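Novice: Turn this into a model:
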Amino acid sequence: MASDLGARAPDPDFDPPAFFTLITRARALRRALAELELSSPEYGDPSSDDLLRRNRREEGVELAVALALRARTDGSGDILIPARDSLAAPLAFGATPLEVFRQAMGRASAPTGGWEGGARWTDLDRGLLAPVSPEGTMIEVASGVGLSLRMQASERIVVVLAGDGSSSGGAWHEGLNFAAVQRVPLLLVVIRSGSPTGAGGRPRHSRLVSFLDKCAGYGIEGDAADGDDLPAIHRATAERANRARSGAGVQLLEIRAPEADAFQTFRSQLRSSGEFEEPELSRIEDDADAELREALETARAEPEAFLTAGAEAQ
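Specialist: Next comes the predicted model:
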């Protein structure tokens, strides 16, 4: 019921220009948030420290997964629960840098009205469901969402992006077992850490080498992809999503830990393939920086949520 890494045909649906544009925007956004945190601590949310220190290698994985799904803006697309500190995946589902800045800076115009910290929020029209802590509990939430989709005979699926550490809690296993028994249209994407052991050589999150070995225990299907092969991740995600969509039940996709910086690696690949010349790549990067600067200045000029609330109360 589980397959492992192997040779994959080229993915004709993988769009390198679109991918590079989005990962450039995500990288610029992360850099701008980090600079904002350093220059203006009052804007920072202590709980978002992980977002600012996010391992850059995983941005490509998140984006390749998100771009393989059905993103819509009218509530008819797939439902994505990104990792708690993800930026790339929400951008692929229609989130904008301006919304991220408004949210992070607590502006009244933010998607949550400025009352929730961090750059995460729920937007059901776009199919974005904000993750909660502890991370493993989102499997239970996703199971409930998936059950409702199954009962509606919908072609939509719910997708959870999570690290392997989320499996350390009981909620992860309870949620996955419930979803498996109910055959809900759920795709669980696990980004596995680079080292299977922690301090003293002890297993970090599981004694199993691969999460695919868990599939038989839950009666679900699974696959794996190399974290540095972005087209392969895109194709594997699309295949697993189609299986979940067709009524095959829960699907698990394990992404082996990426070792390279996705942005730099993909940029080099585009140049070497001849698809892009250096001036065009630089233009995309400059456009992303300009967009981020304009969004940041717009958010800075807007009132904070508590000031607006105070004025309305008077």
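Novice: show me where the stretch 201-314 of the chain has helices.
Specialist: In the stretch 201-314 of the chain, the segments counted as helices under DSSP state H, counting those that start in this stretch are 215-218, 230-245, 262-273, 278-300, 305-313.
Novice: With Arg192 as the reference, name the closest of those.
Specialist: Nearest to Arg192, of all those, is helix 230-245, at 12.6 Å by Cβ to Cβ. (Glycine included, C-beta is placed from N, CA and C.)
Novice: Can you mark which positions in the closest one are buried?
Specialist: Judged by neighbour count (16 or more other Cβ atoms under 10 Å), helix 230-245 contains these buried residues: 230-241, 243-245.
Novice: for stretch 68-75, same thing?
Specialist: For stretch 68-75, the neighbour count (16+ other Cβ under 10 Å) marks Ala68, Leu69, Arg70, Ala71 as buried.
Novice: Do I have it right that the second one meets Arg240?
Specialist: No - counting by Cβ atoms under 8 Å, no contact exists between Leu69 and Arg240, whose distance comes to 10.4 Å.
Novice: Show me which of the buried residues of stretch 68-75 is closest to Pro131.
Specialist: For those, the minimum distance to Pro131 (Cβ to Cβ) is 16.2 Å, reached by Leu69.
Novice: OK, contacts around the spatially closest residue to Leu87 that is not a sequence neighbour?
Specialist: Residue nearest to Leu87 in three dimensions, not counting chain neighbours: Ala26, with 4.9 Å by Cβ to Cβ, 6 or more residues apart in numbering. Shown in contact with Ala26 (Cβ atoms under 8 Å, 6 or more residues apart in numbering): Glu59, Leu63, Leu87, Ala88, Leu91.
Novice: Off-centre distance for stretch 259-272?
Specialist: Taking Cα atoms, centre = their mean, to the nearest Å, the mean C-alpha location of stretch 259-272 is offset from the chain mean by 19 Å.
Novice: Over to stretch 158-172?
Specialist: Centre-to-centre, stretch 158-172 and its host chain are 13 Å apart (Cα atoms, centre = their mean).
Novice: rewinding a little: pretty sure the residue nearest to Leu87 sits in a strand.
Specialist: No - counting by DSSP: H, G, I helix; E, B strand; the rest coil, Ala26 is not found in a strand; it is helix.
Novice: Could you check the pLDDT of it?
Specialist: The per-residue pLDDT reported for Ala26 equals 93.
Novice: again with Tyr43
Specialist: 49.
Novice: Over to Ser76?
Specialist: For Ser76, the pLDDT comes out at 96.
Novice: Spatially nearest residue to it (excluding sequence neighbours)?
Specialist: Spatially, and ignoring its direct neighbours in sequence, Ser76 is nearest to Arg156 (7.2 Å; Cβ to Cβ, 6+ apart).
Novice: doesn't Arg70 make contact with that neighbour?
Specialist: Yes - here Arg156 reaches Arg70: they are 7.4 Å apart, a contact under Cβ under 8 Å.
Novice: If anything else comes up later, I'll come back, but that's it for now.
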